[in-house]
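Colleague: sequence and computational prediction follow.
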Amino acid sequence: MDQLFPDRPNNPGVEERDPLYGFAGHRYNWQQSASGSAAEEFADMFLGWTYNTWEGDFDGLRAPEGQMRAEFMDLVMPFLVVWAATK
């Protein structure tokens, strides 16, 4: 992925002070896995895409990391849905 994409590390935090990496909440809320693998991160992004819920900022807008994740999923999911439906 792009170097600027907010890839999360393995074992993301669950504390309020820990970064959200663009997800709407911490682990076991909007991040179901502690793994930083691409597959687990994509699965958690699928949850955010399904509910259109991402990390916000203080103005009620999406945080830059949340916006990046949302744009990525909005780009790839139409293709993946069609691909899955034709299998």
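Modeller: On my side now, so go ahead. Numbers count the residues shown, from 1 in each chain.
Colleague: CA only for contacts and neighbour counts going forward, please
Modeller: Fine.
Colleague: low pLDDT regions in this protein?
Modeller: Applying pLDDT under 70 to the chain flags the ranges 1-4.
Colleague: work out for me the element the residue nearest the centre of the chain sits within.
Modeller: Closest to where the C-alpha atoms of the chain average out (Cα atoms, centre = their mean) is Met45, at 3.4 Å. Assessed by DSSP states H and E, Met45 sits inside helix 38-51.
Colleague: got it, and Val76?
Modeller: Assigned by DSSP H and E, Val76 falls in helix 64-85.
Colleague: using CSV, write out every CA atom in that helix.
Modeller: Written as CSV, here are the backbone C-alpha positions of helix 64-85 (Å, rounded to 0.1, in the frame of the first residue of the first chain):
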residue,chain,number,x,y,z
PRO,A,64,-7.5,12.1,7.5
GLU,A,65,-6.7,8.4,8.3
GLY,A,66,-10.4,7.6,8.4
GLN,A,67,-10.9,9.4,5.1
MET,A,68,-8.1,7.4,3.5
ARG,A,69,-9.6,4.1,4.6
ALA,A,70,-13.1,5.1,3.4
GLU,A,71,-11.8,6.2,0.0
PHE,A,72,-9.8,3.0,-0.4
MET,A,73,-12.9,0.8,0.4
ASP,A,74,-15.2,2.9,-1.7
LEU,A,75,-12.8,2.3,-4.6
VAL,A,76,-12.3,-1.4,-4.3
MET,A,77,-15.5,-2.7,-2.8
PRO,A,78,-17.7,-2.3,-5.9
PHE,A,79,-15.3,-4.5,-7.9
LEU,A,80,-15.0,-7.1,-5.1
VAL,A,81,-18.8,-7.3,-4.7
VAL,A,82,-19.3,-7.9,-8.4
TRP,A,83,-16.5,-10.4,-8.4
ALA,A,84,-18.0,-12.3,-5.4
ALA,A,85,-21.4,-12.3,-7.0
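Colleague: could you give the angle of that helix to helix 38-51?
Modeller: In terms of direction (axes from the mean of the first three to the mean of the last three Cα atoms, to 10 degrees), helix 64-85 departs from helix 38-51 by 90 degrees.
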